[in-house]
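[1] sequence plus the predicted model coming up.
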Amino acid sequence: MLYLARTDSTATSALVRRAAPPPVPGVGPERWLQERLYNAPGLLLAGAASPRHARLRSVCIELPLRDVGYADWFGVTPEGEIALAEVKLGTNAEARREVVAQALEYHAALRRLSFSSLEEACLRAERTTLTTEAGLYERSGAGEAGLAPDEFVERVEANLRRGSSLLAIVLDRMPERLARLVAETIADQPALPFDVSLIEVGLYDAPDGGIVLAPVLRGAALAVTRAVVRLEGPLAAEPVAAGTPERAARPGARSFGEFLAALDAVSPGVAVRFGTFLETAARSGVTAQVARSLILRLAGVNIGSLGTTGELQVYATEPAREAGWAAFEAYLEAMSAVVGVPLVSLASGERRLRCDLTALLDRQDGWIEALLAYRDAVAPDAPTTEPKAVPPLILGS
């Protein structure tokens, strides 16, 4: 018997963790984990890693890709979003070193396919949901979502051309060295067009002799208009808008990942929450730059300075005065009201806000409203897109 544990569950705390998946005669234990993904794609936590992949469905395992081999798992959403998963065992040191290179090779090979050649490859896969009568359109549920066949084909082909997909790296145990390797790979290539997630599927022995599968999202990086804007676990990367010069290294500077690690050391768990906030805020035009502290900017104005102790300070700088003093004063007052902390008046007459980041994250809807109000006041022509909430990490059965 197999059981799926919710990601917020503590049910595994009293269970014994397995050293490896059960062996599958002739193919090895990795195949067992592939089969579980095929039968229960919810194990990938795709909606938590990449909201546009929330309705991901399994298509096949062992997808043949010319010149590079076989991708472990392939899936598609009713909206035409596509995804690959590469499965490895955490105890296999050689596989851990190869997993990133293999995943990138499979992604590159996928980009060379057309819709029809992709569908043909799925039909040749070792195990597939497709038949000659029911192809990708039918198995994706696109018709139920209201997409016509031609529109679905166009969306899939556009994603293939752009290389827009979710690349999931799945292990039964997630070594810290692998997490760092993936983080470095993504940070070095901020223009990568695909989303990346790191999924650890813990395996535990159930009292009745069954196995409990407990998926955890260990890291994710989303590529939006040629910018890495997310932020979770070890895959934190500084949000950099397309065309923005890279931050020059300077004494005392640290990477975004190092900053979040230092922040999390003081307040465990706050780094992921702050990263989730940044993903939402990035849609409103907020960017972040890291040196000794982390500076949040909106419309070119410093709207908050965060230290690794978790204290956020909001104060006026010269760009704020140039953009409009009254608007920034209104932003200060709004932030003070959101967090319930009075403004501090300095001897110079300047007022500033000092507050705890955790308190603001507890009220982040109000924080976003204050940011949008300030943006509308100083940059009324900026695009206004409603921020979307990040889905909770809940695994469906």
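    Perfect, I can see it now.
[2] run through the helices of the chain in chain order.
    Here the chain has its helices, by DSSP state H, at 29-39, 46-49, 93-111, 115-124, 136-140, 149-162, 176-188, 256-266, 270-282, 318-339, 357-361, 364-378.
[3] count of neighbours near I169?
    I169 is flanked by 25 other residues according to other Cβ atoms under 10 Å. Using the backbone N, CA and C atoms, a C-beta is placed for each residue, glycine as well.
[4] returning to that earlier point: now the helices of the chain in JSON lines, with mean pLDDT and mean neighbour count?
    What follows is the helices of the chain, written out as JSON lines (pLDDT from 0 to 100; neighbours: other Cβ atoms under 10 Å):
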{"stretch": "helix 29-39", "mean pLDDT": "90", "mean neighbour count": "21"}
{"stretch": "helix 46-49", "mean pLDDT": "84", "mean neighbour count": "26"}
{"stretch": "helix 93-111", "mean pLDDT": "75", "mean neighbour count": "17"}
{"stretch": "helix 115-124", "mean pLDDT": "96", "mean neighbour count": "17"}
{"stretch": "helix 136-140", "mean pLDDT": "96", "mean neighbour count": "22"}
{"stretch": "helix 149-162", "mean pLDDT": "92", "mean neighbour count": "17"}
{"stretch": "helix 176-188", "mean pLDDT": "64", "mean neighbour count": "17"}
{"stretch": "helix 256-266", "mean pLDDT": "73", "mean neighbour count": "19"}
{"stretch": "helix 270-282", "mean pLDDT": "79", "mean neighbour count": "21"}
{"stretch": "helix 318-339", "mean pLDDT": "89", "mean neighbour count": "17"}
{"stretch": "helix 357-361", "mean pLDDT": "91", "mean neighbour count": "18"}
{"stretch": "helix 364-378", "mean pLDDT": "91", "mean neighbour count": "18"}
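[5] tell me which of those sits nearest to L213.
    Closest to L213 of these, according to Cβ to Cβ: helix 29-39, at 6.3 Å.
[6] what's the angle from that closest one to helix 93-111?
    With axes from the mean of the first three to the mean of the last three Cα atoms, to 10 degrees defining the directions, helix 29-39 sits at 40 degrees from helix 93-111.
[7] could you dump helix 29-39 to CSV, C-alpha only?
    Presented in CSV, the C-alpha positions along helix 29-39 are these (Å, rounded to 0.1, in the frame of the first residue of the first chain):
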residue,chain,number,x,y,z
PRO,A,29,15.1,1.6,-7.9
GLU,A,30,15.0,4.9,-9.8
ARG,A,31,12.3,3.4,-12.0
TRP,A,32,10.1,2.8,-9.0
LEU,A,33,10.2,6.5,-8.3
GLN,A,34,9.5,7.3,-11.9
GLU,A,35,6.4,5.1,-11.8
ARG,A,36,5.1,6.9,-8.7
LEU,A,37,5.4,10.3,-10.5
TYR,A,38,3.6,8.8,-13.5
ASN,A,39,0.7,7.6,-11.3
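[8] turn the helices of the chain into CSV, including distance to I211.
    Converted to CSV, the helices of the chain look like this (distance: least, Cβ to Cβ, whole Å):
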stretch, distance to I211
helix 29-39, 9
helix 46-49, 22
helix 93-111, 21
helix 115-124, 28
helix 136-140, 27
helix 149-162, 34
helix 176-188, 23
helix 256-266, 31
helix 270-282, 27
helix 318-339, 45
helix 357-361, 36
helix 364-378, 37
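[9] mind checking these for the one nearest to A299?
    Of all the helices of the chain, the one in closest proximity to A299, counting by Cβ to Cβ, is helix 364-378 (5.1 Å).
[10] which helices and strands does the closest one pack with?
    Under the contact criterion of 3 or more Cβ pairs under 8 Å, 6 or more residues apart in numbering; DSSP states H and E, helix 364-378 touches helix 270-282, strand 294-298, strand 301-306, helix 318-339.
[11] who touches that helix?
    With contacts defined as Cβ atoms under 8 Å, 6 or more residues apart in numbering, helix 364-378 is touched by 277, 280-281, 284-286, 298-299, 301, 303, 323-324, 327-328, 330-331, 334-335, 337-338, 360-361, 382, 384, 387.
[12] in the sheet, who's paired with A71?
    Counting by DSSP bridges, A71 is bridged to L63.
[13] how many residues are close by it?
    When neighbours are counted by other Cβ under 10 Å, A71 comes out with 25.
[14] cool, and L346?
    Neighbour count of L346, defined by other Cβ under 10 Å: 9.
[15] can you list the domains in the protein?
    Taking automatic domain parsing as the domain assignment, the ranges for the chain are 2-235, 256-378.
[16] still on that earlier bit, of the helices of the chain, which is nearest L63?
    Closest among these, using Cβ to Cβ: helix 115-124, at 5.9 Å.
[17] could you dump the closest one to PDB, C-alpha only?
    Below are the C-alpha coordinates for helix 115-124, written out as PDB (Å, rounded to 0.1, in the frame of the first residue of the first chain):
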ATOM      1  CA  PHE A 115       4.200  19.500 -31.700                       C
ATOM      2  CA  SER A 116       3.800  16.500 -34.000                       C
ATOM      3  CA  SER A 117       7.300  15.100 -33.300                       C
ATOM      4  CA  LEU A 118       6.700  15.500 -29.600                       C
ATOM      5  CA  GLU A 119       3.500  13.600 -29.800                       C
ATOM      6  CA  GLU A 120       5.200  10.900 -31.800                       C
ATOM      7  CA  ALA A 121       8.000  10.600 -29.200                       C
ATOM      8  CA  CYS A 122       5.400  10.300 -26.400                       C
ATOM      9  CA  LEU A 123       3.800   7.400 -28.300                       C
ATOM     10  CA  ARG A 124       7.200   5.700 -28.400                       C
END
